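Engineer: just a sequence and a predicted model for now, questions to come.
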Amino acid sequence: MSAPAAAAIEGTDALRALSLELDAAFATLDPEGRLRLLAERVPGRTVFTTSLGIEDQMLTHLVFRAKLPIEVVTLDTGRLFPETYALWQRTEEQYGRRIKAKYPQADALEALIDDQGINGFYFAPEMRKACCGVRKVEPLGRALAGASGWVTGLRRDQSPNREKLDFVEFDEARGMVKANPLFDWTREEIRVFTAENGVPVNELHDKGFLSIGCAPCTRAIRPGEVERAGRWWWEEETLRECGLHMDASGRSVRARDGKPA
Ligand code: SF4
């Protein structure tokens, strides 16, 4: 085995061990303490990918307020709600910090639209996944390239797909520490925190849009529906993940937990 390959394996093993250690440590910390610990312990770059949802806004607030060395990055698919772009602007103004953006690659996007049209995602799951692939998954790869840590706003109670999340896991597919500092927080706890701390949130939340993604693929939910029921609502429930949160074999969180994918 070459020296660089051996060093890569050694680094991977170290990050895997660190993930276990951080997972145990997170249980006794509040969200800011968890983010501070990540900033201290994860070597190299740590990236927080925000979709500007309410839980992501809480994390952005904590990162910016504490001036933590964690990059805040969003994936601008080009199909976001006007309210989301307005929130992005308001957030930068309030904290005086930039939220970096990753965009789809122009050639790939043009080829996608040539192939399936501007709203082809409504017609077949494969077409929807192709759109998410070009507009989200590929840009995410570039956002995380070279980083050792990835922070997300995933929460256990967002949907049945996410019930078995960990605080911190080792992302085998990407070879990095993946941390979910709000995994044990409820939406109501986050709503109270953001209100009490003046954190800017998307005005669509008050109109029934609890989980907000691209405009054509998000609707308001009805009473009694789970939080993410308004995402890709026309698809069968087990298919409704965008591909950002996959395990090493390319399966969604739901499939990893032994449920149909
Ligand atoms: Fe395309 Fe909809 Fe996926 Fe956005 S959520 S990338 S518009 S399929």
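Structural biologist: Great, that's in hand.
Engineer: drop to CA atoms for contacts and neighbour counts, all remaining ones
Structural biologist: OK.
Engineer: distance of the closest residue to the ligand within the stretch 101-250 of the chain relative to Leu109?
Structural biologist: Closest to the ligand within the stretch 101-250 of the chain is Cys132: 3.6 Å, counting by CA to the nearest ligand atom. Going from Cys132 to Leu109 by CA to CA, to the nearest Å gives 11 Å.
Engineer: so between these two, which is more surrounded?
Structural biologist: Using other CA atoms under 10 Å, the more surrounded residue of Cys132 and Leu109 is Cys132, with 21 against 17.
Engineer: so how far is Gly78 from the more buried one?
Structural biologist: As for Cys132, its distance to Gly78 is 11 Å (criterion: CA to CA).
Engineer: so which bits of this structure are right by the ligand?
Structural biologist: 79, 121, 128, 131-132, 135-136, 214, 216-217 (CA under 6 Å from any ligand atom).
Engineer: looking at the residues you listed, which is nearest Asp56?
Structural biologist: Cys214 (15.6 Å; CA to CA).
Engineer: which residues touch the nearest residue to the closest one once chain neighbours are set aside?
Structural biologist: Once flanking residues are discounted, Cys214 sits nearest to Leu80: 4.5 Å by CA to CA, 6 or more residues apart in numbering. Leu80 sits next to 213-215 when contact means CA atoms under 8 Å, 6 or more residues apart in numbering.
Engineer: mind listing what the most centrally placed residue in the chain touches?
Structural biologist: Taking CA atoms, centre = their mean, the centroid of the chain lies closest to Thr152, which sits 4.6 Å from it. If you count contacts by CA under 8 Å, 6+ apart, Thr152 has them with 48-50, 56, 178-181.
Engineer: cool, Phe26 as well?
Structural biologist: 34, 167-168, 181.
Engineer: try 7 Å
Structural biologist: Shown in contact with Phe26 (CA atoms under 7 Å, 6 or more residues apart in numbering): 34, 167.
Engineer: repeat that for the one 3 residues further on.
Structural biologist: Leu29 sits next to no residue when contact means CA under 7 Å, 6+ apart.
Engineer: do you know how far it is from Leu59?
Structural biologist: Leu29 sits 14 Å away from Leu59 when distances are taken as CA to CA.
Engineer: same check, this time on Leu15
Structural biologist: Counting by CA to CA, the gap from Leu15 to Leu59 is 22 Å.
Engineer: just Thr49 next, same as before
Structural biologist: Going from Thr49 to Leu59 by CA to CA gives 10 Å.
Engineer: what does Leu144 give?
Structural biologist: Separation of Leu144 from Leu59 (CA to CA): 18 Å.
Engineer: what of Phe48?
Structural biologist: Using CA to CA, one gets 8 Å for the distance from Phe48 to Leu59.
Engineer: cool, and Leu109?
Structural biologist: Distance from Leu109 to Leu59, counting by CA to CA: 30 Å.
Engineer: and the helices in the stretch 101-250 of the chain?
Structural biologist: With DSSP state H, counting those that start in this stretch as the criterion, the stretch 101-250 of the chain has helices at 106-116, 125-132, 138-144, 187-196.
Engineer: how about those helices in JSON lines, adding mean pLDDT and distance to Leu68?
Structural biologist: Compiled in JSON lines, these are given as follows (pLDDT from 0 to 100; distance: least, CA to CA, whole Å):
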{"stretch": "helix 106-116", "mean pLDDT": "98", "distance to Leu68": "32"}
{"stretch": "helix 125-132", "mean pLDDT": "96", "distance to Leu68": "30"}
{"stretch": "helix 138-144", "mean pLDDT": "98", "distance to Leu68": "17"}
{"stretch": "helix 187-196", "mean pLDDT": "97", "distance to Leu68": "19"}
